[in-house]
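Undergrad: Fold the stuff below for me.
(one chain, ligands or ions: 1)
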Amino acid sequence: MTENLERLKQRIPLLEYLQRHNWKPCRAGSRQEFVGLCPLHQETRPSFYVNAAKNLFYCHGCGRGGDLIRFVQLFLDLPFRQTVELLEQELAPTPVSRLLEETAAFYRLQLHRHPEAGRYLEHRGLYDSSLIEELGIGYAPGGNLRRHLAAWCSSFDQLLEIGLINHHGCDAFCRRIIFPCRQHGQVVNLYGRSIGKSFPHRLLPRAKGGLFAWESVSSFSTVILVEGLFDLAVLWQAGFRNTTCAIGTQLTPAQLAQLSDQPGRSVYIAFDQDENQAGQKAAYQVALRLESAGLRAHSLTTCPHLRWLRSW
Ligand SMILES: [Zn+2]
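TA: This next block holds a predicted model:
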């Protein structure tokens, strides 16, 4: 029991817990000592001291002090046992889907706070604000995701594992337009398009999910398949709501199964035309797979209409 309590206190450092509850510390003397207003009683001059090395607090105003568990007991007015249970719950990992949902919501808010993001959307020909909202497009400015997600008690290790931050704790998505990829309503991945000099495309290191927006596209008997989400967005904006996206030029078996769920469906493959013919070759390979699955495949990569579609 004592061992468990010690481990609990190590995993939720007192200073971190206090800061998560909006305690504003100032350094007091040594590097590990902090002082601020007491969260346990009303005061105007700071008398609440925290020693981060010892993981203890003491208030010279109300005379109370102790460890993390003691603080939470006083702060939330809970008995010891319930306090320990509550802290243990905080350590349970937050479901990944919820973290991705929170992250996507956070990035959505940033889109309108950073003019460079709006300029990039315009540059890509995307201007319909209701469509931008419908697709849940956001912007990752970089540098503040971890602080935001701290409210959901997600640990450093969990965010690192999902790929939202790097080993230094910095945002993995930085200066990128974000598209949340959903499946059955849940965010399963995030796609980030760099607006700067970094590598253009980035997905979290997890399955990219099925075809983009397949729930709304699956009823069409003629479907346009594109490789990028910006292609999809501008085609939707131009009224081609039967457009879906594989996010890349390779179809996963699950995505192929989705396209094949309606026998005889026509699929127009509109991949990028690359100088090295990579897009054209990929489209040809996809067409072969679709045909052998009983679908009618047409490649738009060499069709002059594609240029016209793209100019929208
Ligand atoms: Zn106090």
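Undergrad: burial measure for residue 201, as a count.
TA: Using other C-beta atoms under 10 Å, residue 201 is surrounded by 15 other residues. The way it works is simple: take the backbone N, C-alpha and C, and place the C-beta from them, glycine included.
Undergrad: where does it land on pLDDT?
TA: Looking at residue 201, its pLDDT is 93.
Undergrad: Point out where the stretch 151-300 of the chain drops to low pLDDT.
TA: Counting by pLDDT under 70, the stretch 151-300 of the chain contains low-confidence ranges at 152-154.
Undergrad: Skip the chain neighbours and tell me the closest residue to residue 24.
TA: residue 36 (5.4 Å; C-beta to C-beta, 6 or more residues apart in numbering).
Undergrad: quick one, what contacts the one you found?
TA: Residue 36 is in contact with 23-26, 46, 48, 50, counting by C-beta atoms under 8 Å, 6 or more residues apart in numbering.
Undergrad: Buried only: go through those for me.
TA: When the contacts of residue 36 are checked for burial by 16 or more other C-beta atoms under 10 Å, the buried set is 23, 25, 46, 48, 50.
Undergrad: I'd like to know which of these are part of helices.
TA: Using DSSP state H, no member of these falls in helices.
Undergrad: hmm, back to that, can you tell me which of the contacts of residue 36 is nearest residue 8?
TA: Set against residue 8, the nearest of those by C-beta to C-beta is residue 50 (17.6 Å).
Undergrad: so who does the closest one touch?
TA: Residue 50 sits next to 14-15, 18, 25, 33-36, 56-57 when contact means C-beta under 8 Å, 6+ apart.
Undergrad: How about residue 242: what's its closest non-neighbour residue?
TA: In this structure, residue 242 finds its nearest non-sequential neighbour in residue 220, 3.9 Å apart by C-beta to C-beta, 6+ apart.
Undergrad: on that earlier part again, and the contacts of residue 50 as TSV, adding distance to the ion?
TA: Formatted as TSV, these follow (distance: C-beta to the ion, whole Å):
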residue	distance to the ion
14	15
15	16
18	13
25	14
33	16
34	14
35	12
36	11
56	14
57	9
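Undergrad: Out of those, flag the one nearest to residue 216.
TA: Looking across those and measuring by C-beta to C-beta, the closest to residue 216 is residue 18, at 45.8 Å.
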